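>>> fold the stuff below for me.
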Amino acid sequence: MKKNIAIIMGGYSSEYKISLKSGGVVLKYLDKEKFNAYAIHISKDKWVYIDDKQNEYHINRNDFSLDTANGKIVFDCIFNAIHGTPGEDGLMQGYFNLINIPQTSCDYYQAALTFNKRDLLSVLKPYGIFSATSYYLNLGDLINEEEIVKKVGLPCFVKANKAGSSFGISKVYRKEDLFEAISKAYKEDDEIIIESFLDGTEVSVGVITFNGKTKVLPITEIVTENDFFDYEAKYEGKSKEITPARISKGQEKSVSEAAKRAYEVLKMKGFSRSEFIFVGDQPFMLEMNTTPGLTEESILPQQARAAGITLPQLFESAIMEALKEK
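Predicted coordinates:
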């Protein structure tokens, strides 16, 4: 009997449209012989199923069920394709845990932790995972440019702490430009992380649970035409993503071990994509994404293809792993 799968997409953040693209790819490639797939758009205003004719049907939030002309539909599993809140920060994970529906991403605690860059890097540091020197600000804190520069140096990166890596980020070369960069980051989040500049090769490492085992995917090297891997570089073709990365065997081993260690230490499930920069042969972690982009051009699907895993296999495995727990 076919399983009913709700593919949740959209969300409440600046990544809404990108998430719709990811969800659309899951809908396209999910095996129709095995699954009945439903595109569920999540927004602040409404949670709705949108059918092939663009008709909308509201989701019953009490049990995440769906009333249609053909009767009530209940879902066997949720495929989470929401980037940012509420799909990547633990809110949807906690909700589905309460109503006892399995979902494909990590659990709510891991989602909340990894969504918070400051907390994630602090938790992983005792396990030998390096990160850049950083300075923290919360909305309302006094901004002391001298103190910031003394700690992290210039240039530095100003980032929203709990937001997608492409939004609210600036590379700052002059102390005089810090205030503007901080103001920009506060438009995305009320917490900020300011990090020292790491000069080296940037790579992205996908780690997933596939057929019951933790699997590190082939590594992707990020080469951007812009000053750093910003929104344009990530989504508008201003970068090259080279898989497998042009790094040494020693670098490949060290970053693969670091990414796998982070995944297993945190008791992760589902998909993850962690970003690192090499300083010499030492990888420094920037962040971990737990609902990474899933379009045909996105990094994780690229890595899966390089590993010989098709998109139908990748998506089916995530669902089967989630259903195992139930």
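>>> what is the subsequent helix or strand relative to the helix or strand containing Glu146?
Assigned by DSSP states H and E, Glu146 belongs to helix 145-152. As assigned by DSSP H and E, the chain's next helix or strand after helix 145-152 is strand 156-160.
>>> sheet partners, orientation included, of the very next helix or strand once past that next one?
Sequence-wise, the next helix or strand downstream of strand 156-160 (DSSP H and E) is strand 170-172. Its sheet considered, strand 170-172 pairs with strand 156-160 (antiparallel) by DSSP bridges.
>>> and the angle from the partner strand to helix 145-152?
110 degrees (axes from the mean of the first three to the mean of the last three CA atoms, to 10 degrees).
>>> contacts for strand 156-160?
117, 148-149, 165, 167-172, 178, 181-182, 184-186, 188-189, 191-197, 228 (CB atoms under 8 Å, 6 or more residues apart in numbering). C-beta here means a position set from N, CA and C on the backbone, and glycine is covered the same way.
>>> pLDDT averaged over it - what is it?
Taken as a whole, strand 156-160 has an average pLDDT of 95.
>>> let the chain start at 280 from now.
Got it, the first residue is 280 from now on, which makes the last one we talked about strand 435-439.
>>> by mean pLDDT, point me to the weakest helix or strand of the chain.
When the helices and strands of the chain are scored by mean pLDDT, DSSP states H and E, helix 510-514 comes last with a mean of 48.
>>> nearest spatial neighbour of Ser413, skipping sequence neighbours?
Glu474 (4.8 Å; CB to CB, 6 or more residues apart in numbering).
>>> who does the helix or strand the one you found falls within touch, helix- and strand-wise?
Secondary structure from DSSP H and E places Glu474 in strand 470-475. The elements that strand 470-475 packs onto, with contact taken as 3 or more CB pairs under 8 Å, 6 or more residues apart in numbering; DSSP states H and E, are helix 396-403, strand 413-417, helix 424-431, strand 435-439, helix 457-465.
>>> same thing but at 7 Å, please
With contacts defined as 3 or more CB pairs under 7 Å, 6 or more residues apart in numbering; DSSP states H and E, strand 470-475 has these neighbours: strand 413-417, helix 424-431, strand 435-439, helix 457-465.
>>> so what sits opposite Asn283 in the bridge?
Asn315.
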